[in-house]
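Chemist: Predicted model and sequence below, questions to follow.
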Amino acid sequence: MRRPLAAAFATLALLAGCASAPVRAPRVYVVRPNDTLYSIAWRNRLDYRDLAAWNHIGPDYRITVGERLRLRPPPGGVARTGRAAPPRVAARGVPRPPPRGARPPVPPPSVRNAAAAAVHWRWPTDRIGGVQRLVNGALLIGGQLGQTVRAAAAGRVVYTGTGIPGFGLLVIIKHDARVLSAYAYNAAVTVHQGQKVTAGEPIARMGSDSRQVPLLYFEIRADGHTIDPLPYLPPR
């Protein structure tokens, strides 16, 4: 099993490296069946709060099939690089309010890491056959086909499905306003969208990659950016 697992890790590490390279998102996305605001943001490596602000979406984050969503800041808004457009100045030198949909600059890595550290994490599966940290910061965790995949922290399921290319059957959990986690390559999912889960609660069963090697892809994101999970997981 070691050779196939190593080969799978090497292949997926290469793919993750390509996926983590900066990619210019399209300007507009048309909502498809089974999409959620969270899955669209995840697919395009955006903060879901930015996506909501840019499109004037309310706190329920409800979207409809066929709706056209802006995937870039509106003119005068804040870009994902954290660089804001110069403030507009009204008469007599009084700054005008920021344009609707704009958000403050992106928090620095130290702030994002602190957000991840504030969540109480556990390993997302019990039997671990090997762990590989990918270039983009996610983990590939080896195991056995069908073994239980668990919520790494308490939260609410905000997406289940196969609508994000490269992830297979995916589960995304929202832990607080800033932190999400994802569990990919599942053989089956045992939770539903909107369900609240506790840390360690079963959410899926481990599946396999294209080489039929049992694997779990595990990722944490804070403010739309991938966070290395290893500093926050307990010793094995």
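Modeler: Structure's in. What do you need?
Chemist: From here on, just use CA atoms for contacts and neighbour counts.
Modeler: Noted.
Chemist: The top strand by length along the chain pairs with which strands, and in what direction?
Modeler: What stands out as the longest strand in the chain, according to DSSP state E, is strand 179-189. Next to strand 179-189 in the sheet, as set by DSSP bridges, lie strand 169-174 (antiparallel), strand 202-208 (antiparallel), strand 214-222 (antiparallel).
Chemist: Of all the residues in the last one, which ones are buried?
Modeler: Neighbour counts using 16 or more other CA atoms under 10 Å place 214, 215, 216, 217, 218, 219, 220, 221, 222 of strand 214-222 among the buried residues.
Chemist: from memory the last one sits against residue 180, does it?
Modeler: Read that as residue 222. Yes - contact criterion CA atoms under 8 Å: residue 222 and residue 180 qualify, at 6.5 Å.
Chemist: what mean pLDDT does the longest strand of the chain have?
Modeler: Taken as a whole, strand 179-189 has an average pLDDT of 97.
Chemist: Repeat that for stretch 147-163.
Modeler: Rounded mean pLDDT across stretch 147-163 is 97.
Chemist: and it, how far apart are its ends?
Modeler: By CA to CA, to the nearest Å, the extent of stretch 147-163 from end to end equals 23 Å.
Chemist: How far off centre is that stretch?
Modeler: Relative to the centre of its chain, stretch 147-163 is centred 11 Å away, using CA atoms, centre = their mean, to the nearest Å.
Chemist: buried ones in it?
Modeler: 147-163.
Chemist: backbone phi and psi for residue 42, please?
Modeler: Torsion angles at residue 42 (phi, psi; degrees, to the nearest 10) stand at phi -60, psi -50.
Chemist: burial count for it?
Modeler: Using other CA atoms under 10 Å, residue 42 has 19 other residues around it.
Chemist: which ones are touching the closest residue to it other than its chain neighbours?
Modeler: The shortest distance from residue 42 to any non-neighbouring residue, by CA to CA, 6 or more residues apart in numbering, is to residue 224 (7.3 Å). Residue 224 is in contact with 41, 42, 45, 46, 47, 48, 178, counting by CA atoms under 8 Å, 6 or more residues apart in numbering.
Chemist: Residue 115 now?
Modeler: Counting by CA under 8 Å, 6+ apart, residue 115 touches 178, 179, 222.
Chemist: Isn't residue 72 up against residue 54?
Modeler: Yes - with contacts counted by CA under 8 Å, residue 72 reaches residue 54, the gap being 7.4 Å.
Chemist: picking that back up, adding distance to residue 200 as columns, could you present the contacts of residue 115 in CSV?
Modeler: What follows is the contacts of residue 115, written out as CSV (distance: CA to CA, whole Å):
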residue, distance to residue 200
178, 20
179, 17
222, 20
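Chemist: Name the nearest of the residues you listed relative to residue 192.
Modeler: When the contacts of residue 115 are compared for distance to residue 192 (CA to CA), residue 179 wins out at 19.1 Å.
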